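[1] For reference, the sequence and a predicted model appear below.
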Amino acid sequence: MSDQHQLHIVGISGSLRKESYNTKLLQSASELLPPFVTYTAADISQLPLYNQDLENEVPSAVLQLVDLAKSADAFIFTTPEFNFTISAALKNAFEWLSRSMFGSPLARKPAAIAGATLGAYGTAKAQVHLRDILHGLDMRPVSRPEVLVSFAAQKFSPEGKITDEVTRDFLKQLMDNLVQWTIQLKNLKI
């Protein structure tokens, strides 16, 4: 692929914690992307809670996220599982990005999802909810493989690198599938 056909993928971690395994998983995913993909990590930590009253004077953190989303060809979302669903931080980002005033910057774009947790179920329920949300946003998620990282503390080095070979292989497959799916969808639009 030439430089003029370079893809831009944006990653959003649903965790705000400094040492988040989901943010580490997102970083690891970005390192598995091919050289012709430009990757940008979005920061959702400064977004105010969605409130329609704020639409009269949209906060700069929201405008920055919207601009980044508009520039993306595809997305990678990682999420922890809180109370059997995605994090409030990630849901809040979707609330802002789904406002019609921004022109639906997520619609019809491919997405990959993954999640890490300290528990045994690897964010399985959160990812089901996330797929429902992506459907509601008219996104095009990659269906396989499902990357459900359980017992995350045992699968990352202190520096944040994945040490579990099976996890890395699944994540690599997911990134390869996201890139191929994005290329396929972009070709369909030509």
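    Cool, got the structure.

[2] only C-alpha atoms for contact and neighbour calcs from this point on.
    OK.

[3] which stretches of the protein form strands?
    7-13, 37-41, 74-78, 110-116, 140-141, 147-149 (DSSP state E).

[4] Could I get the ones you listed in a markdown table, plus columns for mean pLDDT, distance to Ser20 and mean neighbour count?
    Formatted as a markdown table, the strands of the chain follow (pLDDT from 0 to 100; distance: least, C-alpha to C-alpha, whole Å; neighbours: other C-alpha atoms under 10 Å):
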| stretch | mean pLDDT | distance to Ser20 | mean neighbour count |
| --- | --- | --- | --- |
| strand 7-13 | 98 | 9 | 24 |
| strand 37-41 | 98 | 14 | 17 |
| strand 74-78 | 98 | 10 | 26 |
| strand 110-116 | 97 | 9 | 27 |
| strand 140-141 | 97 | 23 | 22 |
| strand 147-149 | 95 | 13 | 25 |
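
[5] Could you give the bridge partners of Ala111?
    Assessed by DSSP bridges, Ala111 has beta-bridge partners Phe75, Pro141.

[6] wait, doesn't Pro145 sit right on Lys172?
    No: look at Pro145 against Lys172 with C-alpha atoms under 8 Å: they stay out of range, at 9.6 Å.

[7] higher neighbour count, these two?
    Taking other C-alpha atoms under 10 Å, Pro145 and Lys172 do not tie; Lys172 has more neighbours (20 against 16).

[8] Burial check on Ser71, number of neighbours?
    Neighbour number of Ser71 under other C-alpha under 10 Å is 14.

[9] what's the answer for Pro158, then?
    Neighbours around Pro158, by other C-alpha under 10 Å: 10.

[10] Could you do Leu25 as well?
    28.

[11] All further residue positions should be reported with the first residue as 739.
    Yes, from this point I'll number from 739; that puts the last item at Leu763.

[12] what about the chain, any weak spots by pLDDT?
    The model of the chain has pLDDT under 70 over residues 739-743, 926-928.

[13] Now for it: which helix has the highest residue count?
    helix 903-927 (DSSP state H).

[14] tell me what that one is packed against?
    Judged by 3 or more C-alpha pairs under 8 Å, 6 or more residues apart in numbering; DSSP states H and E, the packing partners of helix 903-927 are helix 759-769, strand 848-854, strand 885-887.

[15] Which among those is found nearest to Thr901?
    helix 759-769 (10.6 Å; C-alpha to C-alpha).

[16] separation between the spatially most central residue of the chain and Asn925?
    Geometric centre of the chain, nearest residue: Phe815, 1.6 Å, by C-alpha atoms, centre = their mean. Using C-alpha to C-alpha, to the nearest Å, one gets 23 Å for the distance from Phe815 to Asn925.
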